[in-house]
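> kindly generate the corresponding structure for this input.
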Amino acid sequence: MKYPQDTVQYNLDGQAAMSAQEYQYNYDRAVEKLTSIVRGDVLLPGDAAYEVERKVWNGRFDFHPAAIVRCVDAEDVRIAVNFAREQGMTLSVRSGGHSIAGHSSNNNGLVIDLSNLKTITIDPVNHTARLGPGLTWGEVANTLQPFGLAMTAGDVASVGVGGLLLGGGIGWMVRAYGLSIDRLRSVELVTADGQLLRASADEHPELFWGLRGGGGNFGIATAFEVDLHPGGTILGGAIFYEAAEAEHILKEYARLAAAAPDELSTEAIIALAPPAPFIPPDKQGTPIVGILLCYTGDLSAGERVVAPLRQIATPIADLIAPMPYPNIFALTEIGEVTGLQHHGRSQFFETFSDEMLHTLVETTQSVMSPETMISLRVLGGAMSRVAPDATAFAHRDKQGMVLITHFAPLSVDASSLAARTQQIFQALMPYANGVYVGFVADEGEQRVCDIYPPAIYDRLVALKNQYDPTNLFGLNQNIKSSVPAILAA
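The predicted structure is shown next:
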């Protein structure tokens, strides 16, 4: 197998320290050793499973890593981290593989695949659980449902626990129970030097602060301990309107959703109506506004709270009903499809002003196509009542968020999809303030500063200096170490 770096290493005096042939020999021996000591699988190019396992959710990225390690426990992760560091390899970490930026894989480096770390242990008395990072949020929801419990998390069932729980976690119950990171009690992780640490309010508290919103910059999480909350039956679903009155509908939506009690979390979408049985045939393929919602609490009270959202205009379909919480993931099944190309940009907003909503509707209508999906989410509630410096998540005061996406099969022209996404994004820039780390593509260093304001960024740099000074964990929305390279090595 070809050595992944395919370079010759040099001493400080410029003399070759080791030939390419020597590197190749040493690398091959290291791979043999790695394969012999991990309990999971090491997949290499040419292996039967490699071609399947190298694929990621966002079909824009067609990477060919030098090796994929499918870990089965924390010790496998530790061994794989040591291997990547010692071999000087680019390192990607994959939980659910939903990175919109493609960070779940790479070319010619190592992928640490956590998808087999699916252990879940539930304490139904104390309402806590221990979650493996390879679980998906659909698996978590289905496992907790018989206990009448849940964990506020993302919108799509196939999203992995590991990535979302380090980035923030804005989902179906965000106004009722806050961000997913607000439910964290502890994180177990492997650091860049191969240590296995536990971070909590009492152990490595500054690291625990940074892990809650700082993403994968400081290590690879191997287990999470979380506080659960009531789940059971919710009032959920969606209501769809024709988009002819989109601006009026969205203004009313923003007003009603912001004034609603915390038990109601919502999301509005603009798209073309799908060819679904609940959409009248003459409306399929036409622009619609959908309001997706989750009310957790007394169902009769929920019906009263939700009623105004069902009366903004004349609906073309109303799917709102009591349901087990896991059933709400059916609304976002399209997000589970692997291999489509996704071109997404996201922004936070202080508020959804009338001017901003007018600009959004006008620009979206000018680029609308079957690939367009615009999501508006009214925030606030429990998420906003956590102190702004309690975690590394920096935008608790923001009242709104927009995700602009164009997604399609690989046969559709990528430049057109990217251009239409960018056109809406640029139109909204005058009203935006910040961005959610989980929805950032590969957008450059300045965009990382939009995720983390200066005071938070400086604290994260200090953590990076301590736990990953050589930036082994660099494929993420990256916090760069300030330690000089010669000292960090």
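
> was I right about Thr421 contacting Ile404?
Yes: under the contact definition of C-beta atoms under 8 Å, Thr421 touches Ile404, with a separation of 5.3 Å. Every residue, glycine included, has its C-beta placed from N, CA and C.

> shared neighbours of the two, anything?
Counting by C-beta atoms under 8 Å, 6 or more residues apart in numbering, the residues touching both Thr421 and Ile404 are 344-345.

> neighbour count winner among the two?
Ile404 (27 against 23; other C-beta atoms under 10 Å).

> which SS class is the more buried one?
Assigned with DSSP: H, G, I helix; E, B strand; the rest coil, Ile404 falls in the strand class.

> from Asn327, how far out is Pro275?
In this structure, Pro275 and Asn327 are 22 Å apart, going by C-beta to C-beta, to the nearest Å.

> the more surrounded of these two?
Comparing Pro275 with Asn327 by other C-beta under 10 Å, the one with more neighbours is Asn327, at 17 against 9.

> residues contacting the more buried one?
Contact criterion C-beta under 8 Å, 6+ apart gives Gly236 as the residues in contact with Asn327.

> any stretches of the chain with poor pLDDT?
With pLDDT under 70 as the threshold, the chain has low-confidence stretches at 1-18, 485-489.

> what is the subsequent helix or strand relative to the top helix by length along it?
Counting residues, the longest helix found in the chain (DSSP state H) is helix 20-37. Downstream of helix 20-37, the next assigned helix or strand under DSSP states H and E is strand 41-43.

> what lies in contact with that following strand?
Contacts with strand 41-43, where a contact means C-beta under 8 Å, 6+ apart, come from 31, 34-35, 49-50, 53-54, 67-70.

> which other helices and strands contact the following helix or strand past that strand?
Proceeding C-terminally, strand 41-43 gives way to helix 50-53 as the next helix or strand, assigned by DSSP H and E. Helix 50-53 sits against strand 67-70, with contacts defined as 3 or more C-beta pairs under 8 Å, 6 or more residues apart in numbering; DSSP states H and E.

> pull out the buried positions in stretch 237-252.
Taking 16 or more other C-beta atoms under 10 Å as the neighbour-count basis, stretch 237-252 is seen to contain the buried residues 237-243, 245-247, 249-252.

> buried sites along stretch 318-333?
For stretch 318-333, burial by neighbour count (16+ other C-beta under 10 Å) applies to 319-320, 323-329, 331-332.

> can you tell me the SS state at the residue positioned nearest the centre of the chain?
Residue closest to the mean C-alpha point of the chain, counted by C-alpha atoms, centre = their mean, is Gly438 at 4.0 Å. Secondary structure, three-state DSSP: Gly438 is helix.

> for it, which non-adjacent residue is spatially closest?
The shortest distance from Gly438 to any residue that is not its chain neighbour, by C-beta to C-beta, 6 or more residues apart in numbering, is 4.3 Å, and that residue is Gly167.

> is that neighbour in contact with Val437, as I believe?
Yes: when contacts are counted by C-beta under 8 Å, Gly167 is listed as touching Val437 (4.7 Å).

> higher neighbour count, the two?
Neighbours were tallied for Gly167 and for Val437 using other C-beta under 10 Å; the higher tally belongs to Gly167 (27 against 24).

> enumerate every residue touching that one.
If you count contacts by C-beta under 8 Å, 6+ apart, then Gly167 has 181, 213, 215, 436-438 around it.

> how about the residues you listed, which pair is most distant?
When those are compared pair by pair using C-beta to C-beta, the farthest-apart members prove to be Ile181 and Tyr436, with a separation of 12.1 Å.

> joint contacts of those two?
A shared contact of Ile181 and Tyr436, defined by C-beta under 8 Å, 6+ apart, is any residue touching both; here these are 167-168.

> distance of the residue nearest to Gly109 when sequence neighbours are not counted relative to Gly434?
Distances taken as C-beta to C-beta, 6+ apart place Thr90 nearest to Gly109, at 3.0 Å, with adjacent residues excluded. Relative to Gly434, Thr90 is positioned 29 Å away (criterion: C-beta to C-beta).

> tell me which element Thr222 is part of?
When elements are defined using DSSP H and E, Thr222 is found to belong to strand 220-227.

> just checking: what are the partner strands of whichever helix or strand comes after that strand?
Scanning forward in sequence from strand 220-227 by DSSP H and E, the next helix or strand is strand 229-230. Partner strands for strand 229-230, per DSSP bridges, with pairing direction: strand 149-150 (antiparallel).

> so where do the helices sit in the stretch 1-150 of the chain?
According to DSSP state H, counting those that start in this stretch, the stretch 1-150 of the chain carries its helices in the segments 20-37, 50-53, 74-87, 137-144.

> including mean neighbour count, could these go into a markdown table?
What follows is the helices of the stretch 1-150 of the chain, written out as a markdown table (neighbours: other C-beta atoms under 10 Å):
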| stretch | mean neighbour count |
| --- | --- |
| helix 20-37 | 14 |
| helix 50-53 | 14 |
| helix 74-87 | 21 |
| helix 137-144 | 21 |
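
> of all those helices, which one is nearest Ile312?
When these are ranked by proximity to Ile312, the top entry is helix 137-144, at 29.0 Å, counting by C-beta to C-beta.

> who's in contact with the residue nearest to the centre of the chain?
Gly438 sits in contact with 154, 163-164, 167-170, where contact means C-beta under 8 Å, 6+ apart.

> so which bits of the one helix or strand Ala455 maps to are buried?
Counting by DSSP H and E, the element that carries Ala455 is helix 454-467. If you call a residue buried by 16+ other C-beta under 10 Å, then helix 454-467 has these buried ones: 456-457, 459-461, 463-467.
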